[in-house]
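**Q** Starting from these lines, generate the structure:
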Amino acid sequence: QVQLVESGGGLVQAGGSLRLSCAASGAIFSINMMGWYRQAPGKQRELVARFPSGGSANYADSVKGRFTISRDNAKSTVSLQMNSLKPEDTAVYYCNADMTVSDDYVRKNYWGQGTQVTVSS
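**A** As a prediction, this is how the structure comes out:
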């Protein structure tokens, strides 16, 4: 069973920092894109940052210069360092990955269970 497990959410004051981590596990043949999305109450889920295999990271304009995504292909992990957090960053953050699994060698999209990030003013 392939899954993405996130960790690192929590409560922080405005201006503070948090680091989110996500680990992929299971019968993974290859991982293409890994990234982070977020969904605030009453809003649609939106891209925060993503890191394609062999490519460069790209970010939502709202987080550029404050968030940094990193990826460890050997460990099948992706992390999101969030600095200078703002109350508007409050949301549930979801890890996302395009992976090909060894069971059927079909590329599919997977989501983690989500982790809450709350930034107080």
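**Q** Please identify the buried residues of the helix or strand hosting A23?
**A** With secondary structure defined by DSSP states H and E, A23 is part of strand 18-25. Going by neighbour count (16 or more other C-beta atoms under 10 Å), the buried part of strand 18-25 is L18, L20, S21, C22, A23, A24. The way it works is simple: take the backbone N, C-alpha and C, and place the C-beta from them, glycine included.
**Q** ok, so of those residues, who is nearest N83?
**A** When the buried residues of strand 18-25 are compared for distance to N83, the smallest value, 8.7 Å, is given by L18; criterion: C-beta to C-beta.
**Q** Please report the distance of the nearest residue to S25 once chain neighbours are set aside from A60.
**A** With C-beta to C-beta, 6 or more residues apart in numbering as the measure, Q3 is the residue that lies nearest to S25, at 5.9 Å, once sequence neighbours are left out. Summarising the geometry, the distance separating Q3 from A60, computed by C-beta to C-beta, to the nearest Å, is 25 Å.
**Q** Looking at the two now, which is surrounded by more residues?
**A** Residue environment comparison for Q3 versus A60 gives the larger neighbour count to A60, 15 against 12, counting by other C-beta atoms under 10 Å.
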